[in-house]
Structures are given as C-alpha cells and as structure tokens.
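>>> Model the structure of this input:
(2 chains)
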Number of protein chains: 2
Amino acid sequence: MAGPSVLTPQSEDFPKWYQDVVAKAEMADNGPVRGTMVIRPYGYAIWERIQSAIDERIKRAGAQNAYFPLFIPESYLSREAEHVEGFSPELAVVTHAGGELLAEPVVVRPTSETVIGEFMAKWIQSYRDLPLLLNQWANVVRWELRPRLFLRSSEFLWQEGHTAHATAEDASAYALTIHHQVYNDFLERVLAVPTFLGIKPPSERFAGATNTLTCEGMMRDGKALQMATSHELGQNFARAFDIVYQSEEGQSELCFTTSWGASTRLVGGLIMAHGDDNGLVLPPAVAPWPVVIVAVREDTAVLAACGEIGQALETAGVRFQLDDGRRGSFGRRVTDWEVKGVPVRVEVGPRDLAQGLVTVVRRDTGEKSVVSLEEVARVVAQLLGEIQGDMYEAARAFRDDRTHDVSTLEDAIVAAQRGFARLTWDVVGESGEARLKAEAMTVRCLQRADGSIPQHEGEPHLIAIIAKSY
Amino acid sequence: MAGPSVLTPQSEDFPKWYQDVVAKAEMADNGPVRGTMVIRPYGYAIWERIQSAIDERIKRAGAQNAYFPLFIPESYLSREAEHVEGFSPELAVVTHAGGELLAEPVVVRPTSETVIGEFMAKWIQSYRDLPLLLNQWANVVRWELRPRLFLRSSEFLWQEGHTAHATAEDASAYALTIHHQVYNDFLERVLAVPTFLGIKPPSERFAGATNTLTCEGMMRDGKALQMATSHELGQNFARAFDIVYQSEEGQSELCFTTSWGASTRLVGGLIMAHGDDNGLVLPPAVAPWPVVIVAVREDTAVLAACGEIGQALETAGVRFQLDDGRRGSFGRRVTDWEVKGVPVRVEVGPRDLAQGLVTVVRRDTGEKSVVSLEEVARVVAQLLGEIQGDMYEAARAFRDDRTHDVSTLEDAIVAAQRGFARLTWDVVGESGEARLKAEAMTVRCLQRADGSIPQHEGEPHLIAIIAKSY
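Numbers count the residues shown, from 1 in each chain, chains lettered A, B, ... in the order given. Predicted coordinates for the structure are as follows:
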C-alpha cells in the first residue's frame, strides 16, 4: 500500500532512519545553538501526554510540584565532590547579566540537587516535616558534543523528583515506589515499552549517588535505552547542604535524600522501541490523535460520512483528526499518517460508502477490516484498547527474542551485538567491565534472578544485563 | 475570630503585607541568585491551575504548543532594532559552555520572537500554511534590579504565543481574539479579576510592536497591574527573519506576526486583587483545595464525621484537604487556613456534632452558617459557585468605586493617588505623559468610550486610564 518508503530502512542505517522519522513526522528540528532542539507541535503533543501520565502518577505517590531557579551559584555545585566532578565538563556558565560582569558566575542547572538541597535545609525542622516529597518539571542544560534530537540534547525537558527522609530504609523504599509505581507503570501501560528493572553497577551511578535504579528498554536495533533513573543519595547531599532534622528523641540527625528523573529522551525511546520502516508507530495512550478519519477524496457524500463518524467517535470519547482530502493525493496522505504513527485510520471512499461501509486500518500490524458505518465507532474504540495491549506484547516478544542467557563474557559480547546478554555479575567483575567498554558495551543493570531489583550490587547471584546503548 | 493578625495590615504598609502573605502562605522564597524565585508547592499548585485554565483556552483558540530553545545566538536579537534596544539591558549571557569559551556568546531568552521567527521562516511556504499559530510554556530571564516575588523576578514562567498571518487584518483580529477569549475570559471566570481592556500608548509598547493590547487590573491599594499583553508586530519580525509566503497569486509576501503572553506575575495579581489583612483570598477555581475540613480537635467521633464529609464531597466532585487536628491548636490552624485563602472551611467540633451539625465558613466574607451533616456537601458545592461569582462582583465594585472620570491632568493626578483616573486621551498628549511620569504614574491603556479596545491610538475620543502601577 505505502509504496516506496520515504524513510531510510531500519536495516540499512538505523540512526539515519531515526533522523528521517524525527524530520518527516515533524517531531523536532535542530536549534540554532549547538545541541539545542526545537520540539515541533506534533512532538510536543506527544510530550504533553507523557508529562500528564507521569505527573498523575507522581502526585499519586504523594510528591508535590514546585519550581526552583534555573541559575545556580557556581559554588553550590562544588559542595558535593563527586557531583561537581560529574557535571563540570557539561556546564553552561553565565558570566554577564544586566549589562555587568557578575561577581560570582552562575551555572545553568544541569540538575537541581544542590539548589533544592539548600531549600530543604531551610524547610525541614523536625521529624514531623519528613518525608519531604518534591518534584519539578523544568528544562536543564548539559553541553553535548555529539547531540542527537531527543536522545542527547544540550537542553532537555524533564521532571526531577527530590525527597528527604528520616531513615535510609524509608529513602530506599520511596525510590523503589517511584521506580515501580511511576516509571515502570507508565512505561508498561502508556508507552507500551517493557524494560528490565535493576540497579546500575557502581561505575555507572549518578554523580553523588550511593545507588541508582534504572529501567532499560530495548530499541528496534537491539540497543538499550535508559528510560528513567532513581537515585538513593544517602547522606551525601544532606551533609553538603546541612539538611538536618530533630528526631523524636530531640537529636539533630542528617536526612537521607533521593532524586529521580525522566526526560524528553522518552520521546526518542518511544520512536525507537516501536517504529518501523514506514515511520512512527504510536500506542493509542500517547498518540495526539489515536484515530484519523481519511476522506479518500473530496466528495460531498464522503465528507458527510466523515462528519458522522467524527460525531460517533466524539460520543464514544475517542480523540481524532479529520483529513478532509484537501491536501494532496490519497496515497500521499496515507503515507503521511503512517509516518506520524496514528494508531488507527478510518478510510472513507465513495465505492465502499455506496454499500454503507468504511475501511479500518491498524498502524501497528497493517491489518485492514471493512466495517459498517453504524459499527465503526464501537469497533474503533475496542480496537484502540487491543492495540495498546498488543503493542506491549509485541515489544516484549521482540525483546525476549533478542535477550540471551550466556555464561562467558565472550558469549555476552557476541549476544550483545544485536540484543541483550544476561550473565552472572560475578563473572563480569571490574576487568569484565573494561573489556565490555572496549566493545562499546556496558552493564546496563544488575537484577536478581527473578527479575526484581536488588538493594545493592553486593547481593549474591545477581545477573548483569549487558548491551550496547544510546 | 482570627485574633491578632500574623500579617502587617494592608493599610499600614501594602508592600510589606504582600511580602508577609507570600511568606506565611508558603507561596515562594527568594532564590540564591539575585532576583530568582523558588515557587513553593502551594504557590505552584495555584500556578498549575492558572496554566491549565489558560492552556485550555489557547488550544480552543486554535494554537498548538511547541518548545523552542532557552539559548539564542546573540546576533538574532540585533536583527530587529527596537527589540534589541528594549532587551539588551536585561540580558543574561552565557560565555562559557562545555569547559570552553564560546565562539559566539548566547543569551538566555528574555522572550522568543527572534528564535521562533527563524523557524517560522523555515516552516512557512505558501498561504496554505497560514495562519501559523504557536504557543510555548517556558521560563524566561530578564535581569531585575528591583526584584519582587511573582511581580518582577529575574527568571519567570510564562506562556508566549507567536503567530504568523497573511494580512494585517487577520493578525489584528487574532490578537483581539486572544485578548478576549483567552486572557479576559480567564481573568473574569477563573481569577475573578475585572480589568480594563485597551491598547498601550506608543511610549509603553513592547519593543518591536506596532500595537500592544493589555488588560489592567486594580490591586487592593488602588494601583494597576498589567495582567497580560498581546502584541501586533506588523511586518517588523517578518522582515528581520524573512518570514515570507507565496500568495494565491504566486507573489512572495511578508507575513504579519503577533505575540502574546501571561506569566507567574498573575499569581502576584491574584494575591493583591483579592487578599485582605488575614491573608490570601482565593477564588474556588484556582484554589488548590476549595475546601478544608477542619477537625476542631482530635476525637474519634469528630474524625469519623470528617471522613464522612470528605466522602460526600468526593462524590460531589469537590476537591478538599483534611485537617485532622494534629498540627497545633484549633485557633492557630484556622489562622493558617485563612492565610492560605482556602475559600470554604467546614469546622467539625464535638459540641455541634452532638446535634448532627457542622459550621461552614466563607473565607471571602467571613460569613458562618450551621449546617446539618447530611446537607454539608450540597451546601458547600453550591457555595463555591456563589463565592466565585461574588468575588468577581466585589472586585468590580471596589475598582469602580476607585475609578474616577476627570477632565484635567491635575484631577487625574489626584484621583490616581488611590485608584484609576479616566481622562480624554487628547488632553494627555506627550507633555501630559511626561508630567504623569514625574508623579510615578502612567497611561495604563487607551479605551473607546464604551470600554472596547481601539485599533490604534489615533482613533478619536479615546479615554486614557491613568494610574500608579506595579
């Protein structure tokens, strides 16, 4: 149907395919300053749906939104030694403002642990103020030498959660809650992306963290993408910013803090986890329009039928877009809707219509069915639920098919050429990590044998998930 | 009831009262870098409700959200002469990034006309691409020497709409639509703030605009606050950024553009338009919790009744907060809820409860009524609608009472000591504007005699609204 593809095939050049999709689906453009990004309306509409699904879950987990400044005094970053070392090479620095040289340069936030730590210290007095559960939606800047739209951009949009707790146990438990009930729930139910949950090996931790939890998704080229991370920061930031509370016993104690984030990188993950040679394939839950009604041509009867279908969909609570046939040939318009990944097309043509019929097409499988005009809203509403579930299952089958249990590092290196390798963590060790690095591979995460998240990398019998990654 | 106030009275020192409210209601704090602001959860929850109400209206007006970069090449600003002159003194400049001196310094956006102009030029080909209607929610930076939380901060949050049109008429009409259907509708129905709509005199226009529309609200001290503005930019930015389209006749034509914005300053306006000596007074539509159920003391029967009321409110679709009595004395908790401006308190005490009764208190008027437990949800739901309407009417009565028709500049100066003066624009003239400036007053806007928005300042018989302002 789709004719010659307008995109580079995935098998020919996956990075080129990605670039093509981002451009042709009108998702984003490169900004004028190196590594920055313009998110176009179609890409931004997807981000808004991602935001709202994550925000709802964050609020359910008890955190409150707030907003902290973009500009951070340079001296704040230096207070936590590993943190400043991790971020210094990526900082953008404001030296002049209001027409004058600043007495102390300010950095544009690469993340907000430091400034939020400063205010937590002010707001927390006693154990009654704990836990303090905050989140912010913001832009952050990390200078990128090899930028890539959505995946690595010098400025990106994200949410960053920051919490303070009385005990290490409470902090760990909350990081785990966020990981399961916010990130994994969102990834499974909304983005339809299965991930491996686990902790990062010490070499891959966030700068300043004592433990980093991650969700690693598999892209269509078999590489891994880190979709979201949650960090246990121990007392590192509490010590640096004097975040103390008075305990029930009247003692002054340091808090334990966490931070956790997910970014516009998720849009890149969405593209690469589901896309095919014809473009984006969107799960209905994040699609700006789950349905497009396509008039095969501009014709009074056709347009009247399109209007009827639109009304029926509206009544059924299904969001849709109407393509009234004015913009180019039917074939070209179908190609455009496919590139944009709209989950369901309802094609309305004069011939079918003479018999009271329309054609319903699934973007994910390409399956077509002919449906009566009266039935179409009901059929489509049901189909959207099926597609959401089927896309998750298809992504899981793809991932499982490309995930191999191996028993040596050499076998892991072979398996990770086109997917994930599962190898006992004890077999990897530090020297193994160096060997993997030479092959452009890393340990993406450590899991227990049953797939659950370990408390720390010292637990016995952990499995390392090894892959190439973005 | 409230006992000695925790705030400086408005009549004693209005700016101090404002600072006190912002602090005691836990709305915001000063950030560590000069003029920046930390928006605390309670303040941010109000901003989220403002955002969602404005965003809904913007989408209804046909504009699509997108996101453009924070960093703008310095050279972009210089392309429009008045624009660069207007913003240069307020710019923050990044000179170093990624550990290196940048070849061209980049500015942190003070507003995005320039960078969005650059992309409009890429995206617009023919008349079929017009109008192009974009909006973004973002942070912007304008270095402030006399910062004030929410009202003037070096970084603030806002939405900025940017549109391109084929004709001047279409651009004007769209700016007017935004002004009426987005800003004024939001201000009246959600913020319950009546404003005078009009255009700015040429001396007060946005840098680079040919016409600026404004909504001017009156604060409780009689000063004006500009709540939102919409700018007709003529072909100034189209010329600077080469935003051209091919007309139906095949001619290459310059577009006409507009821009329009509203910011976190609205939170400051909300505080000052409705607040009283006991703190914030929130209209139900923007209150994080329109209702708080207050247990007079921790008592099993009282808490059970609070739970019942909560369930009834939930069923009625009313958002609420529960104060279970654990945090301090009843009197102190009531004072806190008053400072936070929660529209309705439902006070549940053992004595009333023995008779199956609770007390319902309005924050705006202080009016109390005793209501049966069964009736409370119905009564409260109805009361919230009444409060929303009454607050608008009260604000309008206050404003009208302090707005005087005058016939000389000297009378205007007297009237504008404590409110607004309405004076024929012809009487003001350029020398009048200078005279007003000396009195720290300005022409806030020009209106037609019937209160409608004129097309330009040259229309006959215009009225100038004169006031002191924030």
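
>>> so who does residue A:182 touch?
When contacts are counted by CB atoms under 8 Å, 6 or more residues apart in numbering or on different chains, residue A:182 touches A:54, A:57-58, A:61, A:260. Glycine gets a C-beta too; all of them are placed from N, C-alpha and C.

>>> Nearest to chain B among these?
Minimum distance to chain B across these is 12.3 Å, recorded for residue A:58 (CB to the nearest CB).

>>> and that closest one, that one's in a helix?
Yes. Looking at residue A:58 with DSSP: H, G, I helix; E, B strand; the rest coil, it is inside a helix.

>>> Grab the nearest non-local neighbour of it.
residue A:135 (5.2 Å; CB to CB, 6 or more residues apart in numbering or on different chains).

>>> And for whatever residue of the stretch 301-450 of chain A ends up closest to chain B, the neighbour number?
Of all residues in the stretch 301-450 of chain A, residue A:327 sits closest to chain B, with a separation of 8.0 Å (CB to the nearest CB). By other CB atoms under 10 Å in any protein chain shown, 10 other residues sit near residue A:327.

>>> Quick one, grab the pLDDT at it.
The score at residue A:327 is 87. That number is its pLDDT.

>>> swap in the one 5 residues further on?
pLDDT, the model's per-residue confidence, is 95 for residue A:332.

>>> Spell out whether the helix or strand hosting it and chain B are in contact.
Residue A:332 belongs to helix A:330-339 when elements are defined using DSSP states H and E. No. Helix A:330-339 stays clear of chain B (CB under 8 Å from any CB of the partner chain), getting no nearer than 14.4 Å.

>>> go on, stretch A:10-24?
No. Taking CB under 8 Å from any CB as the criterion, stretch A:10-24 and chain B are apart, separated by no less than 11.8 Å.

>>> ok, residues contacting that stretch?
Stretch A:10-24 is touched from outside by A:6-9, A:27-29, A:43, A:148-150, A:220-221, A:268, A:271-272, A:275-277, A:279-280, A:339, with contacts defined as CB under 8 Å, 6+ apart.

>>> quick one: buried residues of that stretch?
A:10, A:14, A:17-18, A:20-24 (16 or more other CB atoms under 10 Å in any protein chain shown).

>>> In helices only, show me those residues.
When DSSP state H defines the helices, the subset of the buried residues of stretch A:10-24 inside them is A:14, A:17-18, A:20-24.

>>> From those, pick the one nearest residue B:242.
residue A:23 (21.3 Å; CB to CB).

>>> how near is that closest one to chain B?
For residue A:23, the distance to chain B (CB to the nearest CB, to the nearest Å) stands at 12 Å.

>>> What of residue A:117?
In this view, residue A:117 and chain B are 11 Å apart by CB to the nearest CB.

>>> Hmm, residue A:257 and that residue touching each other?
Yes. If you go by CB atoms under 8 Å, residue A:117 and residue A:257 touch, sitting 7.2 Å apart.

>>> any common contacting residues for the two?
Common neighbours of residue A:117 and residue A:257 (criterion: CB under 8 Å, 6+ apart): A:162, A:237-238, A:243.

>>> so which of these would you say is closest to chain B?
When the shared contacts of residue A:117 and residue A:257 are compared for distance to chain B, the smallest value, 12.1 Å, is given by residue A:162; criterion: CB to the nearest CB.

>>> Now do the same for the closest one: helix, strand or coil?
strand.

>>> Please verify my assumption that it contacts residue A:113.
Yes. Using CB under 8 Å, residue A:162 is in contact with residue A:113, at 6.7 Å.

>>> and the next element down the chain from the lengthiest helix in chain A?
In chain A, taking DSSP H as the definition, the longest helix is helix A:376-401. Along the chain past helix A:376-401, the next helix or strand (assigned with DSSP H and E) turns out to be strand A:403-405.

>>> and the following helix or strand past that next one, which residues are buried?
Scanning forward in sequence from strand A:403-405, with DSSP H and E defining helices and strands, the next element found is helix A:409-415. Of all the residues in helix A:409-415, those buried under the rule 16+ other CB under 10 Å are A:409, A:412-413, A:415.

>>> how about the residues of the stretch 101-250 of chain A near chain B?
Counting by CB under 8 Å from any CB, the residues of the stretch 101-250 of chain A near chain B are A:105-106, A:108, A:115, A:118-119, A:122, A:128, A:134, A:138-139, A:141, A:143-145, A:154-155, A:157.

>>> Nearest residue to residue A:337 in space, please, no chain neighbours.
residue A:292 (5.2 Å).

>>> Return the set of buried residues in the helix or strand of chain A with the lowest mean pLDDT.
For chain A, using mean pLDDT, DSSP states H and E, the weakest element among its helices and strands is helix A:81-87, scoring a mean of 88. For helix A:81-87, the neighbour count (16+ other CB under 10 Å) marks A:83-84, A:86-87 as buried.
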